[in-house]
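Chemist: need coordinates for the following:
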Amino acid sequence: MTLKVSNKRYTQCKKDGDYFENLFKQKVLYLGFNYKKGTKKDDWYKHIDCFVNGFGVDVKGNRHLETIWLEVKNVNGNKGWLQGDAFYVAMYIVELKKFSIYKRLDLLNYIKDNAKDYTESKKEYNKFYTRKKWGKKDVLVKYRYDHIKHLEIKKI
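Modeler: Numbers count the residues shown, from 1 in each chain. Okay, the predicted model is just below:
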């Protein structure tokens, strides 16, 4: 059985993504950094939403202190955003009302060093989560903010 994303959910995700990318842009410009929107190709193939002072950034919204999903492979089995070309990942943490900034490679290396087992349960942390039983090819790892905050380089 393969589950499909409804048009309503897709539209809401797009709206949320646009909101958080715009919020990030406002914060970056306020801090005096140079900002350039990435192209659709940058976004789709390189997982780069924008460039800040020339560095590619992938912006993520709606993350929570208890639930931060890191994508190793996307739903089609291709490289997820952790294996993209962005230098930084900016995650908006709802409870902090701030973006938590990470070097993408630091997050990827953390997973490589720490996640070992696979699971089909959304409840488990620090394991490679798959949805194979629904025909999906994605691989994600769930963390709490406290698990990865030592990798954070800045909050804005």
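Chemist: flag every buried residue along stretch 58-77.
Modeler: Neighbour-count burial for stretch 58-77, with 16 or more other C-beta atoms under 10 Å as criterion, is recorded at 58-61, 63, 68-75. Yep, even glycine has a C-beta here, placed from its N, CA and C like the rest.
Chemist: sec struct for Lys14, please.
Modeler: Secondary structure, DSSP: H, G, I helix; E, B strand; the rest coil: Lys14 is helix.
Chemist: now do the helices in the chain.
Modeler: Using DSSP state H, the helices assigned to the chain run over residues 7-30, 40-41, 104-114, 145-148.
Chemist: any buried residues in the first one, and which?
Modeler: Of the residues in helix 7-30, those with enough neighbours to count as buried (16+ other C-beta under 10 Å) are 17, 20-21, 24-25, 27-28.
Chemist: ok, the residues you listed vs Leu105, which is closest?
Modeler: Phe24 (19.8 Å; C-beta to C-beta).
Chemist: just list whatever residues bridge to the residue nearest to the closest one when sequence neighbours are not counted.
Modeler: Nearest residue to Phe24, sequence neighbours excluded (C-beta to C-beta, 6 or more residues apart in numbering): Val59, at 4.8 Å. Listed by DSSP bridges, the beta-bridge partners for Val59 are Ala90.
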